[in-house]
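Visitor: this one's sequence-less:
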């Protein structure tokens, strides 16, 4: 197709120069093909064929990956992959990027590069072959040529129509057991280069095709291939629908990495046939983004017209770097995966999260911007000094923090000045204010996933915890894994960037800041090369949470920085107006006027400029007088701009509904999910019957996209078919802090979206969808029989209970009754949605629960109330079989105070014990639900309840899990501060010390806790703190008089434990306090011997420097 578009977009090639291969049979085509990019000596080849391009010796050599390139229509290798220094000048220097040593082969060392050639002609000497025939030929060649290399992974490069051939081939392979093993299971990645996965307008230019055929004098033309590329081709639509499902599945099972590249420059068609073309010139995107890209996979723009999507002018060509970089990413993943064991791969999967999507939704910086930060002395010092492990960057809303963060990651600016550039690992997470993207757990998972992708050997620090905890690793465990991996002597420098930390969920944010602060305080004694850079708004609570006296920070404030930002904003204005002006052919005086008007506004931010530029672009079709009027009425603030945008909504009622759903959603909704949600809500409101999925009348995707744009204008952005608010300030503009809208008028927007009302809209959409009747055709199933649900069903199943909770008082009795129907544990509908929920959450087995337990677990207060009122004989203390826990347990664990109150009013046993002897108070203590704990204590709960005669009390659990507020409450209620002060179990202080909970340890000591109380192993709090490397807690305990040489049952002192685990800072502290460096344990081992065995060089060196230990070491 690239060559075909050479006709469309370039000069006409005379018929005499067109190669016309003869066609002896449909299966094998003999043709003349130049042996080089511009060779005069053609060689005879047979088509189709699969042959090696690199290395020259073909099958020889130790290669780990096969890369197979499939060309498009009306072309052949090598010319389809060859660019010329001067466009369309084959006599000049050429670049064959698949073969030239300094291009792709240098990027993907150890790979074997193939080309699949076939007769792709349609304008002359064409076959009547379809996509499935070409796909079958490709599979046959792969099977025949690669039988000896079944373990070698494959990356496909599909150029234009070649991408459709690849998709068809993989679908065919997936359906065939033998081919699935030989081809599909070995496929690791697909690179689509402008592939018309949803068709192209150019395939429908029948008049154009006939004209070309006539000029070429073709006697054998065929539109068969082009018919499959038409925009409304039912065959292509079915193919991509099935392939789309398969690729979504591949993200979680087969692990196929897919990258979709799309063109951003238009191609001029029709007039290029000749200077006297009878057709009117037209510029189009031959394959637009919608057609070129698949849902759930990365979309990358190339700044070229279609014909150059697969041609690059040398190794420095920016487009080559983008494409080869993505191929290398897939190669790196293959190599990482090949080095992992089965358990390690499962662990990696448990850590996966679409963190790249969150980064890429932010725009690229304009060249010359962000210099205020990049040249800042604190940033330069942070980059170059390995002892500086924390930098906090703050700026107000709309100042470009996330654009800066994206540039730091994508442009390698975090290590550009670092001598360890080649070994530095960059890991990042971009927070957003919703349930999934605002999760600290997801942030830590993402950081670890990126680290292990870059340095696979470090996953050894995660696997043991994964084997114990399964896929849902706790927050503290994930942090400990990161610290241990970062402290590995071979880890090299690791930079973790956390963008918009202020948008992280509150409790998660506090935990993250606490751990980062502790890590920073210990930096002087740590050998770790782990570093953190954090961006946020300059909120006081964020700074307070850090608890660092001299927090290294860069604040965007003050005249000097503001002037620098102002200059950079002006750069953006000039650059963007120039770009828009060139694209729209604006006169220079108009461009100058636009720049002047935008620059003269005070307090301009990046966000304000972005909104104004969008406004200008929208109005460029207006007359010059109207444009001048626009400039005079430019909004002075972002809020004014938001109000102006929304006042243009073509349907304010529907716009409100869309915005309510966007605000409430726990993740960005896709266009299809929003389309279904609006249709369901509209039908419900109008009283139309809607009992099954087939009753929904949905717009096609492009029409619905335009509808959303008409509803909300610039207030939302649609990226990769997902709907986002344009900025965090947009959410703040809409939402009402009081919960009461400032105005009921549909034309007033600011602060008119109460949180509860937004969740009510989402709740109704979710519940209505789950209540529809579904046929088997709505669901896919894996080979193991696992159900794969449509994304909207999955979202509704996982999130409807959350929206119910958040809807608060708006979740009335009618919705409560609907909820009870969905929570009928004997129904098929319950089985469907609950199974989907279980995929995302660890939960007890389906067979062990009843309706009351379910509604109490999810905190569906209205439903609980109805159930308790409706059934007078309900067993309020019924237990699930697996855990032996009552409904009150689950309400306490999840912090549902109102539900707990209802249960207690009905006589629920406040001290009921589960199979482990635990009580509801213990569950509230573990998860830090102070209000529920207070309620239980008011109702007479035993403050010192133990799970056995000598088991830990609720205070022990609160202390060990860092729940300071609950610990304080329990102590106020006279909890035993030294519970289990015996050989049978740990005291609360031991639990706090083991987990590094300094604040709680201090609280317990103030209440008189025994500083040297021993646990069942005879270990003191100091021993536990030393083993875990908690220097601050160890220092506190020593200040309170802890015995520095207290021996446990193995005759080991705290120094012995610190040495074994390599905690240099703690070992140094203990030695300063007089610890016996010579002390032998029960097996005649000294601290030095433990450090030597575990190869902790820093601790060994410390102990040797204490003197007199060299002889012992020998």
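Guide: Now that the structure is in, tell me what you want to look at. What you see is a predicted model, and the numbers here were worked out from it, not measured in a lab.
Visitor: Which pLDDT value belongs to the residue nearest to residue 669 when sequence neighbours are not counted?
Guide: Excluding the flanking residues, the one nearest residue 669 by CB to CB, 6 or more residues apart in numbering is residue 723, at 5.5 Å. Quick note: C-beta positions are derived from backbone N, CA and C, even for glycine. We have a pLDDT of 93 for residue 723.
Visitor: Same question for residue 723, what's its three-state structure.
Guide: For residue 723, the assignment made with DSSP: H, G, I helix; E, B strand; the rest coil gives strand.
Visitor: residues in contact with it?
Guide: By CB atoms under 8 Å, 6 or more residues apart in numbering, the contact list for residue 723 reads 658, 662, 668, 669, 670, 671, 674, 708, 716, 717.
Visitor: and of these, the nearest to residue 351?
Guide: Distances from the contacts of residue 723 to residue 351 were compared by CB to CB; the smallest belongs to residue 668, at 21.2 Å.
Visitor: pretty sure that closest one contacts residue 725?
Guide: No. Judged on CB atoms under 8 Å, residue 668 makes no contact with residue 725 at a distance of 9.2 Å.
Visitor: got any residues that touch both of these two?
Guide: residue 662.
Visitor: Now do the residue nearest to residue 669 against residue 671, distance only.
Guide: 7 Å (CB to CB, to the nearest Å).
Visitor: what touches both of these two?
Guide: residue 708.
Visitor: Could you look up the SS state of residue 396?
Guide: Assigned state for residue 396: coil (three-state reduction, three-state DSSP).
Visitor: For residue 726, see how far away the nearest residue to it once chain neighbours are set aside is.
Guide: In space, and not counting its chain neighbours, residue 396 is closest to residue 537: 6.4 Å by CB to CB, 6+ apart. Note on residue 537: its distance to residue 726, by CB to CB, is 17 Å.
Visitor: of these two, who's got more company?
Guide: residue 726 (20 against 16; other CB atoms under 10 Å).
Visitor: Nearest spatial neighbour of the more buried one, chain-adjacent residues omitted?
Guide: residue 717 (5.5 Å).
Visitor: Can you give me the domain assignment for the protein?
Guide: According to the TED database, the chain comprises the domains 49-339, 342-556, 563-634, 651-794, 866-1105.
Visitor: What helices and strands are in contact with the helix or strand harbouring residue 322?
Guide: Remark: residue 322 resides in helix 318-338, with elements defined by DSSP states H and E. Judged by 3 or more CB pairs under 8 Å, 6 or more residues apart in numbering; DSSP states H and E, the packing partners of helix 318-338 are strand 65-70, helix 104-107, strand 153-159, strand 187-193, strand 257-263, strand 298-302, helix 440-454.
Visitor: Could you export these as JSON lines, including mean neighbour count and distance to residue 238?
Guide: Output for these, formatted as JSON lines (neighbours: other CB atoms under 10 Å; distance: least, CB to CB, whole Å):
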{"stretch": "strand 65-70", "mean neighbour count": "25", "distance to residue 238": "21"}
{"stretch": "helix 104-107", "mean neighbour count": "19", "distance to residue 238": "34"}
{"stretch": "strand 153-159", "mean neighbour count": "26", "distance to residue 238": "18"}
{"stretch": "strand 187-193", "mean neighbour count": "25", "distance to residue 238": "18"}
{"stretch": "strand 257-263", "mean neighbour count": "23", "distance to residue 238": "19"}
{"stretch": "strand 298-302", "mean neighbour count": "19", "distance to residue 238": "23"}
{"stretch": "helix 440-454", "mean neighbour count": "23", "distance to residue 238": "35"}
